[in-house]
Each structure stands twice: as structure tokens, then as C-alpha cells.
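*Asks:* turn this into a model:
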Amino acid sequence: MRSDLDPILLEVLRNAFESAADQMALILMRTAHSPIVRDAMDFSTALCDAAGQNLAQGLTTPMHLGSFYDAMRHLIGQYQGRIAPGDVFIGNDPYLASGQHLPDIYVIQPVFHAQRLCGWAATIAHHVDVGGLVPGSNSLAAVEIHQEGCDCRS
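*Replies:* Numbering: from 1, shown residues only. Now for the predicted structure:
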């Protein structure tokens, strides 16, 4: 650890980031119409730095959080230089996000301060039905990805 870092300031910032990620989770849960989000809490929230590294995660489903790094890396790589305040990115490509499946949809918003990208607010939530062979999108008979549902990019 660098000697010029103030451990008290670091702890204050850590708690502030975690509190913000928890508040994101509470707002998402309280405003959700979907019972899988509202009741089963099958979603996750995170704050990331400008490079897409996870700074804090909300108190929800931690298994999603491993996919944030790859999703952020691909998003930043695809839109580098074209990201502006007010943008919101929505995606569900499991090949670009560590193998999540199509019903897990990301909603990611860049965070700016003084016109400079300084971080990201990210969520991922399981949606009950995004198309596919059967209601609920998860068919045991599916043999290719498009039978599971619809890619947000389509």
C-alpha cells in the first residue's frame, strides 16, 4: 500500500461507494414490477471506476458480479470516445459477459464529473421472459442460443 494514502479517507470512500451500490439495489427492488427482481432478488448492482473495475457491489446476488468486468471491458472498448453524459447502455450478450444467459440484462450508465468520465453505475437483472422456445425463456430443448430468447442488440 502506498504510504501517501490516508487509511481513514480510504475507509470513508469505501463505505460511501458501498452505500451507493446498496441504495441502487434498494431502489431497483422497490420499483421493480417483476417478481423475480422484487421478491427473488435475482439482480445485482455495482459501481465501477472509469476503467470498468468493480469498486463496490450492492447486497444482492453476488454470482452476477463476476460478469461485470468482461461486460464493462467490452462496452468501453466498443464505445470508447463516444460516451457522453446521459447515455445508458443496455445489453445481454452472454458471449461478451462471462457466460451470463440472455434473460440477464445489463443496464449501465456512465458517471461524469466536470465533463470527465469517472465511473459507471451498473445493474444486471434476470428478466422472466425474453422470448425463445417456451414461456420463461429457459427451455431444456434449446440447442442454440437464439432458442433461449432475444439478444438486446437485435
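
*Asks:* which one is residue 111 nearest to, not counting chain neighbours?
*Replies:* residue 119 (4.2 Å; C-beta to C-beta, 6 or more residues apart in numbering). (Glycine included, C-beta is placed from N, CA and C.)

*Asks:* can you check residue 93 too?
*Replies:* residue 151 (6.1 Å).

*Asks:* check contacts around the residue nearest to residue 111.
*Replies:* 47-50, 55, 110-111 (C-beta atoms under 8 Å, 6 or more residues apart in numbering).

*Asks:* return the distance of it relative to residue 21.
*Replies:* 11 Å (C-beta to C-beta, to the nearest Å).

*Asks:* what do those two both touch?
*Replies:* residue 47.

*Asks:* quick revisit: any idea how far the helix or strand encompassing the residue nearest to residue 111 is from the middle of the chain?
*Replies:* Counting by DSSP states H and E, the element that carries residue 119 is strand 116-126. Counting by C-alpha atoms, centre = their mean, to the nearest Å, strand 116-126 is centred 6 Å from the centre of its parent chain.

*Asks:* now it: mean pLDDT?
*Replies:* Mean per-residue pLDDT for strand 116-126: 95.

*Asks:* that one - which strands sit beside it in the sheet, and in what orientation?
*Replies:* Strand 116-126 sits in its sheet next to strand 43-49 (antiparallel), strand 104-113 (antiparallel), going by DSSP bridges.

*Asks:* quick check: buried residues in it?
*Replies:* 117, 119-126 (16 or more other C-beta atoms under 10 Å).

*Asks:* just put these in a markdown table and tack on distance to residue 30.
*Replies:* As requested, the buried residues of strand 116-126 are exported to a markdown table (distance: C-beta to C-beta, whole Å):
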| residue | distance to residue 30 |
| --- | --- |
| 117 | 28 |
| 119 | 23 |
| 120 | 22 |
| 121 | 17 |
| 122 | 18 |
| 123 | 14 |
| 124 | 18 |
| 125 | 13 |
| 126 | 17 |
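
*Asks:* residues contacting residue 12?
*Replies:* Applying C-beta under 8 Å, 6+ apart, no residues qualify as near residue 12.

*Asks:* where does it land in three-state SS?
*Replies:* helix (DSSP: H, G, I helix; E, B strand; the rest coil).
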